[in-house]
Structure formats: C-alpha cells, structure tokens
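> can't give you the sequence, but here's the structure:
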RNA sequence: GGAGAGGUGGCCGAGUCAGGUUGAAGGCGCUUCCCUGCUAAGGAAGUAACUGUCGUAAGGCGGUUCGUGGGUUCAAAUCCCACCCUCUCCGCCA
C-alpha cells in the first residue's frame, strides 16, 4: 500500500508511481479524496470529543439532572451520526483508489516497458538448439507425462516420473543447503490461505483470477509461498536488532495462468502446479537495498553452480509488478527457442507490503515499517526444463550437473 | 464431527453475571535516579500502540484500540449477534 503522506508531499515519489503507469488523474483524485477525508475526520473527532465529555458528565451528574443531560447527549449523538456517515463516504473514496496505486519505481529503474530493461550482465555461452526440446526430451526419458496429466487434471498438468523426481529433490536439497548457509530459516508454509491473507499480501484484488479457490472452506491455493511467508510477521513489531530475518520457503505453487492460452503449451514450462524454493526477507529500511543485491547474488550463484547460461536484467518501470520498487530478472538461455526466458527474479518492495501487513520495526523514536524483499531461489519444474535442454547428450543420455550428484546419487542417465 | 473453557498492555494476570473519572488493579520485565567496595538485595519515579491536528522542536489537544466485525445505549473490556483463534474431553484419522 502506498504511503499517502509521501504521495502528498514528495514530488519524486509521485513521479515514481507515474513511471509505473499510475494515472496522474487517479493520483490527483486520491489526494483530493484524502484531503477531504482528513477534514471530515477532524470534524468527526471534535464532535466525538464533545459526545465523550457529555457521557462522562452524565455518570457524575446528580440524579435529578440526568434526564436533561441524557436528552442533550442524545441529540449530540444524532448529529455525530450524520458526520460519521460523511466520513465513511470520503473514506470509501480513498479506499477505492489507494490499493490500485503501485509502489513507485526506484531511481535506478529504467523507464519504459517490457523491452526497455537494462541489461546488467550476461554469463556463459548460448548454445544452439539441441536435438530435442525439453518437451520431447521429457517424454523420451519417461520423465514427463503430460498426456496422462491432462487426462487426470486437464491441460498444463503433468506427471513427473523417474529420475526427474530425484532431480527435483536434489535441486531442493541443494538450494536449501545453500540458503541455510546464508542464514535463511527453512520454512514449509501452509499453501491454503484465507482471503484476508491474499489481500494483505497484495495479491487480491489485482490477481484474483490467477488464484484457485477452495470455495467450500473459503480458502485459496497460493501461487507462491511469498503469501504465507508474508503472513509470518503480519502485525508484528519486530526488534530492529534481530533484522534482517531471512526465510527460505518451500511449497507447491498453484496458478490458473488465465490469459495465457496458446502460450508455452509444450512440456512443463508453464504449468498450473509446480514446486518452488522462495526467499523472503524482512529488513530495516537501511539494509534493504543491500539485501536486494544479496538475493541477486544468491540467484546468480545457483545458476553458476548449475552451469546455466543466463543474463540479468533490471526490469523497466512499466513492467514491474505493483508492489516492487525494483526487480531483477535472471533469464536463462533456452536453446530450443534461441532466447532467454525468465527463471528467477528478486524484488524489493520497500515498505509497500509491510504497510498493509502492519509489520513495524521498533526504533528509538517510535517505529517504522519494515521492508520486505523476495526472490526465487529455485523454481523446480522450470529449472528442470533448462537442465533437460542443456544437459542432454547427442546420444540421448543425460549428464547430471556436478552439484546435484551428491543429492541424488546419479551422474549419467542413459536411455 | 460432538461437548465444554477461554482470548485484556512487552509478559503474567484482575476487572465481565448490578454498563458510568478503568486505557484499564496487582505482579514481572524494562528505563532513569538513590542507596551500596563490586554484585545481589532495597528505595523512588517512569513505562501501550496506532492515528488527526497545532508546534522548528520538546510537547500540547483530540480520536481509535481490552481476538475481529456488527448491534443495543447518552455511555460497553463489561449486554446482544456473527465470525476468527487457542485449550480440554469424546469420536475419527495420515
């Protein structure tokens, strides 16, 4: 949620929101609505003070004065009711717009849209297409059964079988071990959450149609463990000395992928269900940019360890999600398509999410909102896609990346 | 799934079944000071959050909050309704 006061007072802040595509007219409307809300609030509070004083006086009044005083207080209350109704109206006007205003982009974020990213670095060679793309190769190895998946659950569902499952577990173990070494606390969170959690984590109402609902119990399947990880400190007052708090969540992720018909229909590149290790950090405002770089460093290290060629981009303002002030994408070379495709990313939300979550940090002179950051450590299914293309051999066999061998006990898998 | 008990400030815990100076007794913890070779013990004072507004500031004046949301009332921690959560017992279960 946007900081209304800063939006009012800080020109650059406002400009950052507009760079992300916020309508300047909406912002004007919001500021006007908030102005009128605060005026009305002052009025209401003055009247409440009067009413409170009147009630208090009744408690101390002589019995014979009571009747008159109660009647007077009653009138006061009626008038108060009218002004309170007006307050509700202005508050509703603010609420309607405020959740739609995105977090302003950071100064270091380039202007523009999807294609206007800033290239940070590119690592490794970009090989030509292998004999089989990942979809064919998955079938060849008996690792992916998309047909049966579709029979059982519909399109974009697949069975993962055989060594692919062992590779999945190896990836998870490898990633977790690395993160524990970096001071992350491993977490397996709930994957079904209440509506309020979705709202507080910033996914509702904007991404409602991407989420599966379990209507009978009014629960929602999370699209990422970021949601329940955000809930881990909702409403807390954190001790500044204990920060940063780093969590590594492992969970299955469920996404409806509405609006992607026809895109990425081969194999398991884009599916409704996959497993992911997600990093989530609670930080002080002073530390958060350093933590953002740390997330990128870890993501790069994982890709380096897996021997995948990739590039890092600084995503342009217009292509950032609403809560992110800055986001790096790590895009890995997908040989069959001859292009880089997103595998991981990391974002700094600053205090945008914490404001809604109500997560504060105790400070000497009061409190401040925490900063939250998140990043993909390993999106398992999609990582397998890249491994299948980069590690398949001309004879159809598969060479297991060095770093995964200790975790799955395999080195070369022949067919 | 059935039956009960309960959710109060950083923590413990009164107050709720006679609604009114109770934002909330008492204790613990914490901060400052006094005493004291040091420490412990003892003594004194202070100690909720959020928010509006005024002020350069210290701070002042208000509002809101006793699980959450509604309701009754001039007035609600206290009464009513719904929901959430925790605990105990029974049943069921990986």
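Received, thanks. Model, not experiment: these values are computed from the prediction.
> Got the confidence number for whichever residue of the stretch 51-200 of chain A sits closest to RNA strand B?
Ranked by Cβ to the nearest atom of the strand, the top residue of the stretch 51-200 of chain A for proximity to RNA strand B is residue A:59, at 2.6 Å. Any C-beta I mention is one placed from the backbone N, CA and C, and that applies to glycine too. The model reports residue A:59 with a pLDDT of 80.
> now the helix or strand containing it, how far from the chain's geometric center?
For residue A:59, the host element (DSSP states H and E) is helix A:24-60. How far helix A:24-60 lies from its chain's middle: 34 Å, per Cα atoms, centre = their mean, to the nearest Å.
> buried ones in that helix?
When burial is assessed from 16 or more other Cβ atoms under 10 Å, helix A:24-60 yields the following buried residues: A:26-27, A:30-31, A:33-34, A:36-37, A:40, A:44, A:47, A:54.
> Would you check which of the residues you listed are in contact with RNA strand B?
residue A:54 (Cβ under 7 Å from any atom of the strand).
> Report the spatially nearest residue to residue A:55, omitting neighbours in sequence.
residue A:73 (6.1 Å; Cβ to Cβ, 6 or more residues apart in numbering).
> Please name the residues that touch that neighbour.
A:51, A:54-55, A:58 (Cβ atoms under 8 Å, 6 or more residues apart in numbering).
> What helix or strand is it located in?
Using DSSP H and E, the element containing residue A:73 is helix A:63-98.
> what about stretch A:155-169, average pLDDT?
The model assigns stretch A:155-169 a mean pLDDT of 96.
> list the buried ones in that stretch?
For stretch A:155-169, a neighbour-count test (16+ other Cβ under 10 Å) marks A:156-160, A:163-164, A:166-168 as buried.
> Name the residues that touch it?
Stretch A:155-169 is contacted from outside by A:138, A:141-146, A:148-150, A:257, A:265, A:267-268, A:270-273, A:275, A:380-381, A:384, A:387, A:398, A:400, A:404, A:407-410, A:413, using Cβ under 8 Å, 6+ apart.
> what do you get for stretch A:172-186?
A:245-250, A:275, A:277, A:279, A:294, A:298, A:301-302, A:305, A:377-378, A:380, A:403-404, A:407.
> Counting only strands, which of those make the cut?
Cross-referencing these against strands under DSSP state E gives A:245-250, A:275, A:277, A:279, A:377-378.
> Relative to RNA strand B, how far out is residue A:20?
24 Å (Cβ to the nearest atom of the strand, to the nearest Å).
> As a check, name the ranges of all helices in chain A.
Assigned by DSSP state H, the helices in chain A fall at A:4-9, A:11-19, A:24-60, A:63-98, A:134-141, A:146-153, A:163-181, A:195-200, A:226-231, A:288-306, A:352-357, A:380-390, A:405-408.
> got the residues of the stretch 101-250 of chain A near RNA strand B?
So far as Cβ under 7 Å from any atom of the strand goes, the stretch 101-250 of chain A lies against RNA strand B at residue A:237.
> actually the stretch 301-415 of chain A, sorry about that
Looking at RNA strand B, the residues of the stretch 301-415 of chain A close enough under Cβ under 7 Å from any atom of the strand are A:360, A:366-367.
> Scan the residues you listed and report the most crowded one.
residue A:360 (19 neighbours; other Cβ atoms under 10 Å).
> partner residues bridging the spatially closest residue to it that is not a sequence neighbour?
Leaving out its chain neighbours, the residue that sits closest to residue A:360 by Cβ to Cβ, 6+ apart is residue A:367, at 4.2 Å. Residue A:367 forms beta bridges with residue A:362, as assigned by DSSP bridges.
> Nearest spatial neighbour of the most centrally placed residue in chain A, chain-adjacent residues omitted?
With distances taken as Cα atoms, centre = their mean, residue A:226 lies nearest the centre of chain A, 5.5 Å away. Leaving out its chain neighbours, the residue that sits closest to residue A:226 by Cβ to Cβ, 6+ apart is residue A:374, at 5.0 Å.
> Smallest gap between the stretch 301-415 of chain A and RNA strand B, at which residue?
For the stretch 301-415 of chain A, Cβ to the nearest atom of the strand, closest residue to RNA strand B: residue A:367, 3.3 Å.
> who's in contact with that residue?
For residue A:367, the contacting residues are A:237, A:360-361, by Cβ under 8 Å, 6+ apart.
> Where does pLDDT dip in chain A?
Along chain A, the parts satisfying pLDDT under 70 run over A:364-365.
> State which one residue of the stretch 101-250 of chain A is found closest to RNA strand B.
Across the stretch 101-250 of chain A, no residue is closer to RNA strand B than residue A:237, which sits at 6.8 Å (Cβ to the nearest atom of the strand).
> was I right about that residue contacting residue A:361?
Yes. In this structure, residue A:237 is within contact of residue A:361 by Cβ atoms under 8 Å, at 7.3 Å.
> domain parsing for chain A?
What automatic domain parsing lists as the domains of chain A is A:4-98, A:114-413.
> Could you single out the most deeply buried of the ones you listed?
Comparing those by mean neighbour count (mean count of other Cβ atoms under 10 Å), domain A:114-413 comes out on top with a mean of 18.
> Can you give me the end-to-end span of that one?
Start-to-end span of domain A:114-413 (Cα to Cα, to the nearest Å) is 39 Å.
> Could you single out the nearest of the contacts of residue A:73 to residue A:333?
residue A:51 (68.4 Å; Cβ to Cβ).
> ok, now which ones touch the residue lying closest to that closest one once chain neighbours are set aside?
Spatial nearest neighbour of residue A:51, excluding adjacent residues (Cβ to Cβ, 6+ apart): residue A:76 at 5.1 Å. Residues counted as contacts of residue A:76 (Cβ under 8 Å, 6+ apart) are A:47, A:50-51, A:54.
> try residue A:287
A:243-244, A:371.
> That one and residue A:109: what is the separation?
As judged by Cβ to Cβ, to the nearest Å, residue A:287 and residue A:109 stand 19 Å apart.
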